[in-house]
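>>> Dropping the sequence and predicted coords here.
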Amino acid sequence: MRLAPSPDRLLPADPTTRAIARTLYESVSDAPILSPHGHVDAALLRDDLSFTDPADLLIVPDHYVLRLLHAHGIGLDALGRGSAGVEPREIWRRFASHWHVFAGTPVRAWFEDTLHSVIGLDEHPSATNADAQFDAISAWIADAASRPRALFDRFGIEVLATTDDPADALEAHAALRDDATFTGRVLPTFRPDRYFDPSAAGWPGALEQLHAASGIDTGTASGLIAALENRRAHFRALGATATDTGVVDAWATRLTPGGLERIHRAGLVGAATPDDATAYRRHMLWEMARMSSEDGLVMQLHPGVLRGHHRPTTERYGPDTGHDLPLFTRYTEPLRELLGDFGTNETFRMVLFTVDETSFTREIAPLAGFYPSVFAGAPWWFLDSPDGIRRFREGVTDSAGFYKTSGFIDDTRAYLSIPARHDVSRRMDAGWLATLVVTGRLDEEEAHTIAHDLVDAIPRSVFRL
């Protein structure tokens, strides 16, 4: 099968609508990429080393790929995530021989674009051509033009945000900032989640790491809060514009100072109960909003994921191995106290993400349609498919319009897929705007303005880039 994605892929089928969508898409297809939420390691760009091999580059780190192969009976050991060494060529063979299982998925769309447009392959992967493609990708990797910084320029990335622990020294970010040969912007993002659960086995050790990084004693809750404030300032000095928090629910409610300190002390000796942990986490979420209302870091919140659904897999292979799964998620009542305190604060800004797409129309869009501080985050994770992006526009635009959404976020560790993911979003948005034009809800000139704003002015403004 020839690997040659259609230039009109994902655009509407109706010829009149498609023609308008094509002009809208073409007007933004080469616009710079703003990526304000992702998981690429800044050291990748600091070191600028060649990638290791095709499997390590495209398969092993990508939980989107791992989960579906695992669902078809391929063990994670065989995909390079276990302790036993597996030949990269064997991993690629397993992927190529199961190419058909990705048909119709966003992973397939991203891979087709990446393999063809970035690497230059002209056939779909298969058991027959697996070795030849592995060799071709290996040769591509060996070319100096395929190193991370050259690709950063080739992809047209202007801003790339990473995700970083508060205790991280951010040495790679500092090195990139001071490197005159690198002109891109790589921004750290403050991710404090592991300090929110005093019932977790590793929580006291995490506090010690934060103490060492900040120089502030974290033996009390007030000390922990002060240490987090200290590290936020460090992140801001290195260019951070946002924080990122992924918790199981969106509830944010305050504890009394005495109640907060009691739970903190219990956590230090391993005596925090599940109810204690929930109350502590919900208070710390409120503290993150309070800090954002003071220092201006944009607060990203993506609740509703049950991490490590299959405990034996977590214990054997660790996190991010494909079995973090969605939960029904509420926002309106859980965020009422937080938004009562900060929702009209001119400094505060919150971007709400979800993997429960019923909440887009039911809660997130109505919240964004009232509170100046609230923005509807782009479809994320299980929803960043072409159809998920279309449903997002259909569900959110009625209540919030275009200008209370975040702009696209790629949320990826898969560096080579960044342009493909943004391209899918641009095509789907062009199709939705074209539909509004042909149904008389927008004129074409305004649709062009919105198409440009969705990829530039909106994310630049929302994330304070």
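Yep, it's here. As the structure is a computational prediction, the values presented were derived from the model and not from experiment. Residues are numbered from 1 along each chain as shown.

>>> so what's residue 133 up against?
If you count contacts by C-beta atoms under 8 Å, 6 or more residues apart in numbering, residue 133 has them with 54, 92, 96, 121, 123, 125. In short, each C-beta sits where N, CA and C put it, glycine included.

>>> Which of these sits closest to residue 210?
Closest approach to residue 210 among the contacts of residue 133 (C-beta to C-beta): residue 54, at 38.0 Å.

>>> For the closest residue to that closest one other than its chain neighbours, what is the enclosing helix or strand?
Leaving out its chain neighbours, the residue that sits closest to residue 54 by C-beta to C-beta, 6 or more residues apart in numbering is residue 137, at 4.0 Å. Assigned by DSSP states H and E, residue 137 belongs to helix 130-142.

>>> For that helix, list every residue counted as buried.
Applying a neighbour-count criterion of 16 or more other C-beta atoms under 10 Å, the buried positions in helix 130-142 are 130, 133, 134, 136, 137, 138, 140, 141.

>>> rounded to a whole number, what's the mean pLDDT of that helix?
The pLDDT scores in helix 130-142 average 98.

>>> Can you name every helix or strand that the next helix or strand after it contacts?
Beyond helix 130-142 in the direction of the C-terminus, DSSP H and E gives the next helix or strand as helix 148-155. If you count contacts as 3 or more C-beta pairs under 8 Å, 6 or more residues apart in numbering; DSSP states H and E, helix 148-155 packs onto helix 42-47.

>>> buried set for the helix it packs on?
Applying 16+ other C-beta under 10 Å to helix 42-47 flags 42, 43, 44, 45, 46 as buried.

>>> Give me the contacts around it.
Contacts of helix 42-47 (C-beta under 8 Å, 6+ apart): 148-149, 152, 160, 162, 164, 170, 172-173, 175-176, 179, 182, 184, 186, 188, 415.

>>> Mind checking which of these are in helices?
Here DSSP state H is the test, and the contacts of helix 42-47 give 148, 149, 152, 172, 173, 175, 176 as lying in helices.

>>> what's the closest of the residues you listed to residue 238?
residue 173 (4.8 Å).

>>> That closest one reaches residue 186, doesn't it?
Yes. Contact criterion C-beta atoms under 8 Å: residue 173 and residue 186 qualify, at 6.2 Å.

>>> if I look at those two, which residues touch both of them?
Common neighbours of residue 173 and residue 186, counting by C-beta under 8 Å, 6+ apart, are 42, 162, 239.

>>> Endpoint to endpoint, stretch 453-460 covers what distance?
9 Å (C-alpha to C-alpha, to the nearest Å).

>>> so how far is it from its chain's centroid?
Centroid separation for stretch 453-460 versus its chain: 17 Å, with C-alpha atoms, centre = their mean, to the nearest Å.

>>> what's the spacing between the spatially closest residue to residue 120 that is not a sequence neighbour and residue 2?
Excluding the flanking residues, the one nearest residue 120 by C-beta to C-beta, 6+ apart is residue 140, at 6.8 Å. With the distance defined as C-beta to C-beta, to the nearest Å, residue 140 ends up 19 Å from residue 2.

>>> circling back: any chance of the shared contacts of residue 173 and residue 186 in JSON lines, with pLDDT and distance to residue 281 too?
As requested, the shared contacts of residue 173 and residue 186 are exported to JSON lines (pLDDT from 0 to 100; distance: C-beta to C-beta, whole Å):
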{"residue": "42", "pLDDT": "98", "distance to residue 281": "28"}
{"residue": "162", "pLDDT": "98", "distance to residue 281": "24"}
{"residue": "239", "pLDDT": "98", "distance to residue 281": "28"}
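
>>> quick check, nearest of those residues to residue 388?
Proximity of the shared contacts of residue 173 and residue 186 to residue 388 (C-beta to C-beta) peaks at residue 162, which lies at 24.2 Å.

>>> Look up how far residue 415 lies from that closest one.
Using C-beta to C-beta, residue 162 is found at 11 Å from residue 415.

>>> and for these two, which residues touch both?
Common neighbours of residue 162 and residue 415, counting by C-beta under 8 Å, 6+ apart, are residue 40.

>>> In this protein, which residue is most central in space?
residue 411 (2.1 Å; C-alpha atoms, centre = their mean).

>>> Just the buried residues of the contacts of residue 133.
By 16+ other C-beta under 10 Å, the contacts of residue 133 give 54, 92, 96, 121, 123, 125 as buried.

>>> TSV for those, including distance to residue 452, pLDDT and secondary structure?
Output for the buried ones among the contacts of residue 133, formatted as TSV (distance: C-beta to C-beta, whole Å; pLDDT from 0 to 100; DSSP: H, G, I helix; E, B strand; the rest coil):
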residue	distance to residue 452	pLDDT	secondary structure
54	36	98	helix
92	39	98	helix
96	39	98	helix
121	32	97	coil
123	36	97	strand
125	35	98	coil
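
>>> can you list the residues you listed in TSV and add distance to residue 225?
What follows is the buried ones among the contacts of residue 133, written out as TSV (distance: C-beta to C-beta, whole Å):
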residue	distance to residue 225
54	46
92	48
96	50
121	51
123	56
125	50
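
>>> Spell out, range by range, the strands that occur in the stretch 1-150 of the chain.
Ranges of strands in the stretch 1-150 of the chain, per DSSP state E, counting those that start in this stretch, are 33-35.

>>> next one: the stretch 251-400 of the chain
298-301, 305-306, 325-326, 350-352, 374-376.

>>> Now render the ones you listed as TSV, adding mean pLDDT and distance to residue 261.
Compiled in TSV, the strands of the stretch 251-400 of the chain are given as follows (pLDDT from 0 to 100; distance: least, C-beta to C-beta, whole Å):
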stretch	mean pLDDT	distance to residue 261
strand 298-301	98	24
strand 305-306	94	29
strand 325-326	95	34
strand 350-352	98	27
strand 374-376	98	31
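
>>> Quick one: closest of these to residue 390.
Taking the strands of the stretch 251-400 of the chain one by one with C-beta to C-beta, strand 374-376 is closest: 14.8 Å.

>>> Quick one: residues in contact with that closest one.
By C-beta under 8 Å, 6+ apart, strand 374-376 touches 339, 343, 349-352, 360, 364-365, 367-368, 396, 400, 404-406, 462.
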